[in-house]
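In: Coordinates only, no sequence provided:
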């Protein structure tokens with residue numbers, strides 16, 4: 001009996017811990033309703049994701065503003081219209097890095113500086129974040145696959161090989177209440193994952209270079225992440241994306257000796 005009671009208490013404690021750890025990575029949508037002026041700062045990037053700083057913030061803020069027109073969205077739209085960058089200059093900061101580093105430090109989270117930036121631009125909530133560990137990979141599956149779309153037998157079918165391309169990225173997003181300086185949302189585990197599969201005839205020399213370009217993959221990944229993040233912020237207005245999201249795959253029916261080809 002005592003063992004049963006102890007087990008129940010242990011399970012209750014574990015569930016409580018899990019619940020406590022996950023409460024900050026749920027939907028931001030319920031809390032977002034109480035804010036009207038929302039700033040979206042340029043995202044920090046590392047060497048792998050360099051170039052997505054302002055572009056991602058623009059994509060995200062634009063998508064959010066189209067979905068929720070009643071709120072005011074404050075972000076750097078161009079070199080001439082750049083309230084966040086102007087605020088950083090006035091605070092003698094080169095980027096959002098110092099504010100993000102302080103707020104994301106698990107040992108001493110401090111959102112004071114992020115709140116100061118929010119005040120400078122007239123926001124009551126500010127979003128800061130990072131995009132890092134962007135990884136684009138390619139894998140060729142050289143096992144012949146046969147087009148069975150319009151044929152009943154193997155004879156005369158065309159042989160294909162499959163080429164997979166994948167893109168993975170990590171994102172960390174923090175929402176700071178400007179008035180109180182409190183972190184109201186700390187999403188450390190938001191991942192993006194897009195995937196492509198193209199088929200090439202085995203004798204087609206184009207298979208050596210006809211891939212989805214890196215620029216296109218990065219643009220697709222931004223759209224994917226905007227939708228994922230937007231869904232967590234405005235779930236009733238922005239549709240999320242699957243993980244992984246297949247953005248390209250064969251439309252023809254491909255088979256091997258074991259049956260129809262199943263994509264990885």
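Out: Alright, I've got the coordinates. Owing to the predicted nature of the structure, the values given are computational and were not obtained by experimental measurement.
In: rest of the way, CA atoms for contacts and neighbours
Out: Noted.
In: tell me the contacts of residue 110?
Out: Contact analysis of residue 110 by Cα atoms under 8 Å, 6 or more residues apart in numbering lists 102, 103, 104.
In: Now rank the residues you listed by neighbours and give me the top one.
Out: Of all the contacts of residue 110, the highest neighbour tally under other Cα atoms under 10 Å goes to residue 103, namely 25 neighbours.
In: Point me to the helix or strand that includes it.
Out: Secondary structure here is read from DSSP states H and E; on that basis residue 103 sits in helix 97-104.
In: Any chance you could list what contacts that helix?
Out: By Cα under 8 Å, 6+ apart, the list of residues contacting helix 97-104 reads 44, 108, 109, 110, 111, 112, 113, 114, 128, 129, 174, 183.
In: and the residues you listed, which of them are in strands?
Out: 44, 128, 129, 174, 183 (DSSP state E).
In: Quick check, the third one in contact with residue 171.
Out: Spelled out, that is residue 129. Yes. Checked against Cα atoms under 8 Å, the pair residue 129 and residue 171 is within contact range at 7.2 Å.
In: Reformat the contacts of helix 97-104 into TSV and put distance to residue 215 and pLDDT next to each item.
Out: What follows is the contacts of helix 97-104, written out as TSV (distance: Cα to Cα, whole Å; pLDDT from 0 to 100):
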residue	distance to residue 215	pLDDT
44	19	92
108	37	77
109	35	83
110	36	90
111	34	93
112	36	94
113	34	94
114	31	95
128	24	95
129	22	94
174	27	95
183	34	94
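In: if we take those residues, which one ends up nearest to residue 219?
Out: When those are compared for distance to residue 219, the smallest value, 17.0 Å, is given by residue 44; criterion: Cα to Cα.
In: That closest one: neighbouring residues, count only.
Out: The criterion is other Cα under 10 Å. On that basis, residue 44 has 23 neighbouring residues.
In: Based on its surroundings, how many neighbours for the nearest residue to it once chain neighbours are set aside?
Out: Taking Cα to Cα, 6 or more residues apart in numbering, and ignoring the residues beside it in sequence, residue 44 has residue 130 as its nearest neighbour in space, at 4.4 Å. Residue 130 is flanked by 22 other residues according to other Cα under 10 Å.
In: Can you check the pLDDT for residue 130?
Out: At residue 130 the predicted local confidence, pLDDT, stands at 94.
In: how near is it to residue 222?
Out: Residue 130 is 13 Å from residue 222, where distance means Cα to Cα, to the nearest Å.
In: sorry, back to before: any idea which of the contacts of helix 97-104 is closest to residue 260?
Out: Ranked by distance to residue 260 (Cα to Cα), these are led by residue 129 at 42.8 Å.
In: what bridges to that closest one?
Out: Per DSSP bridges, residues listed as beta-bridge partners of residue 129: residue 173.
In: ok, it - contacts?
Out: Listed by Cα under 8 Å, 6+ apart, the contact set of residue 129 reads 41, 42, 43, 44, 100, 171, 172, 173, 174.
In: okay, among those residues, which ones form the most distant pair?
Out: Comparing the members of those, the greatest separation, given Cα to Cα, is between 41 and 171, at 14.0 Å.
In: Who has more neighbours out of those two?
Out: Each of residue 41 and residue 171 has its neighbours counted (other Cα under 10 Å); residue 41 has more, 27 against 21.
In: wouldn't that one be in contact with residue 96 here?
Out: Yes. Counting by Cα under 8 Å, residue 41 sits close enough to residue 96 to count as a contact (7.3 Å).
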